[in-house]
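> Everything below, folded, please.
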Amino acid sequence: MINEFWNLVVETWEQGIRGIGIDNIIICLGILIGSLVARSLMNTYLLDKIASFTEKSETTLDDEIIESLRGPFGLIPVAFGLYLITSYLPFTGSLDLLATNLVKMLVIYTIFSALANLTKPLLNLLSDNSWLTPAMTTWLSRVAGVLIWIVGITMMLDIWGIEIGPIIAGLGLFSVAVALGAQDMFKNIIAGIFILSEKRFQPGDRIRISNGLHGIVESIGFRSTQVRLLDTSPVFVPNTDLSDSQVINHQDMSYRRIFWTINLVYSTKAEQLENICKDIENYINNSDNFVQNPGQENFVRVTELGSSSIDLTILCYMSVIDYTQFSQVKQELIFNIMSAVENHNSDFAFPSRSIYIENQGPE
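Residues are numbered from 1 along each chain as shown. Model prediction:
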């Protein structure tokens, strides 16, 4: 009785699953666990060691390359482990073909995943060129990634003996049908290409669109551009609207301009006006906040005798682009103007009207 039971155990152990013994299954599980451990060790020790070494370099390109290869690099021991399993197990016929093709697909996925991840850091290497902006780099990396994966998927299908020609022909007919119903999408894509090529704006620029939108560009996508308004709410603007609209890029300003009209009371004498103009102009010319615009000099002049005031025009430029700093400079200028007016015993005028009533007396 015991011998028969033992023979049953041995037979079950040797037969296993579809003729693969349990000992073979345990060995295969050991290989799989070993490959996963090797993957973890490679990511934890080897790549981290290389990353710590590249951090000492002046450029960030090598750091980006290491991070982009971290995922695909970890698949190498897994692919090798699966290859060992398929070689060790006594697969035959269609089962052997299936296992071999799965290993080939994993190898192809590893290779093309590495190539797709490398496109962005390699294109960033070219972003120092004036013609290749960060936004164009993002676009090109996406397009290159799509093309790389198209080739990779084609190779995967070829492994299973699937012919690509009929699929491409079918996609051609399908693309015609899609193009007829997605004309707006293609218009937005083409408009986005023109926006990038003309370098109208880049992510991080503060722009104002003709319809009144005013905010910071966050990203330029295939179909739309995301603008973060000054109240922090995001707006997605179709690229065709941006391409056809007047867009003011405040980030590309050479100078910020102040063009003010100051109204003083009519009791101000000519000498007082001249001294007020000199004090304000001296402050502008001697302050580090203001610059000389080669196209137009800074000035403070009496320009008009208004209906209820003597008008002074202040025109000056500053190199400060940031709005917060710009507001601070304006505040300091306003305080200086108030001091100059007060020091010379004048005052600010406000719109007023004098009414004279004639007393004709009794008739």
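> What lies in contact with stretch 246-259?
Residues from elsewhere that reach stretch 246-259, judged by Cβ atoms under 8 Å, 6 or more residues apart in numbering: 200-202, 204-210, 291, 293, 313-321, 326, 330, 333. Using the backbone N, CA and C atoms, a C-beta is placed for each residue, glycine as well.
> how about low-confidence regions in the stretch 251-363 of the chain?
For the stretch 251-363 of the chain, the stretches with pLDDT under 70 are 352-354, 358-363.
> tell me the strands in it, going along the chain?
Counting by DSSP state E, counting those that start in this stretch, the stretch 251-363 of the chain has strands at residues 256-264, 299-305, 310-318.
> and the direction of the first one versus that of strand 310-318, what angle?
Our comparison of strand 256-264 with strand 310-318, counting by axes from the mean of the first three to the mean of the last three Cα atoms, to 10 degrees, yields an angle of 160 degrees.
> Give me the buried positions along strand 256-264.
Across strand 256-264, burial judged by 16 or more other Cβ atoms under 10 Å covers Arg256, Ile258, Ile262, Asn263, Leu264.
> Ok, the last one next?
Within strand 310-318, the residues scored as buried using 16+ other Cβ under 10 Å are Ile310, Leu312, Ile314, Leu315, Cys316, Tyr317, Met318.
> Same check on stretch 210-228?
Leu213, Gly215, Ile216, Val217, Ile220, Gly221, Arg223, Ser224, Thr225, Gln226, Val227.
> was I right about the fifth one contacting Leu196?
Yes - with contact defined as Cβ atoms under 8 Å, Ile220 and Leu196 form a contacting pair (6.6 Å).
> Work out the sheet partners of the helix or strand where Gly215 lies and label each with its direction, please.
Element membership for Gly215 (DSSP states H and E) is strand 214-220. Using DSSP bridges, the strands paired with strand 214-220 in its sheet are strand 206-209 (antiparallel), strand 224-229 (antiparallel).
> Which among these is found nearest to Ser141?
Taking Cβ to Cβ, strand 224-229 is the member of the strands paired with strand 214-220 nearest to Ser141, at 17.4 Å.
> Let me see the mean pLDDT of that closest one.
Taken as a whole, strand 224-229 has a mean pLDDT of 89.
> How far does that strand sit from its chain's centre?
In terms of Cα atoms, centre = their mean, to the nearest Å, the centre of strand 224-229 is set 11 Å apart from its chain centre.
> got it, and stretch 336-344?
Relative to its parent chain, stretch 336-344 has a centroid offset of 47 Å by Cα atoms, centre = their mean.
> and the residue nearest the centre of the chain, what are its bridge partners?
Centre of the chain computed as the mean C-alpha position; nearest residue by Cα atoms, centre = their mean is Ser219, 4.2 Å away. Beta-bridge pairing of Ser219 under DSSP bridges involves Gln226.
> so it touches Gln202, yeah?
No - contact criterion Cβ under 8 Å: Ser219 and Gln202 do not qualify, at 10.4 Å.
> Just say helix, strand or coil for the closest residue to Ile164 other than its chain neighbours.
Leaving aside its sequence neighbours, Ile164 sits nearest to Thr154 (Cβ to Cβ, 6 or more residues apart in numbering; 5.7 Å). With DSSP: H, G, I helix; E, B strand; the rest coil as the basis, Thr154 sits in helix.
> Could you tell me how many residues sit around Thr154?
Residues near Thr154, counting by other Cβ atoms under 10 Å, number 14.
> Okay, buried residues for stretch 87-105 please.
Residues of stretch 87-105 classed as buried: Leu89, Phe91, Ala99, Thr100, Val103, Lys104, Met105 (neighbour count, 16+ other Cβ under 10 Å).
> nope, stretch 243-258 is what I meant
Going by neighbour count (16+ other Cβ under 10 Å), the buried part of stretch 243-258 is Ser243, Val247, Tyr255, Arg256, Ile258.
> Please save the CA atoms from that stretch in PDB.
Listed next in PDB are the C-alpha coordinates belonging to stretch 243-258 (Å, rounded to 0.1, in the frame of the first residue of the first chain):
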ATOM      1  CA  SER A 243      -2.500  81.000 -35.000                       C
ATOM      2  CA  ASP A 244      -5.200  83.300 -36.300                       C
ATOM      3  CA  SER A 245      -5.200  85.700 -33.300                       C
ATOM      4  CA  GLN A 246      -3.000  88.600 -32.300                       C
ATOM      5  CA  VAL A 247      -0.800  87.400 -29.400                       C
ATOM      6  CA  ILE A 248       1.200  89.700 -27.300                       C
ATOM      7  CA  ASN A 249       4.200  88.000 -25.800                       C
ATOM      8  CA  HIS A 250       5.200  90.100 -22.700                       C
ATOM      9  CA  GLN A 251       8.200  87.900 -22.100                       C
ATOM     10  CA  ASP A 252       9.900  89.200 -25.300                       C
ATOM     11  CA  MET A 253       9.600  92.800 -24.300                       C
ATOM     12  CA  SER A 254      12.900  94.700 -24.500                       C
ATOM     13  CA  TYR A 255      11.800  97.300 -22.000                       C
ATOM     14  CA  ARG A 256       8.700  98.100 -20.000                       C
ATOM     15  CA  ARG A 257       7.300 101.600 -20.700                       C
ATOM     16  CA  ILE A 258       5.800 104.100 -18.300                       C
END
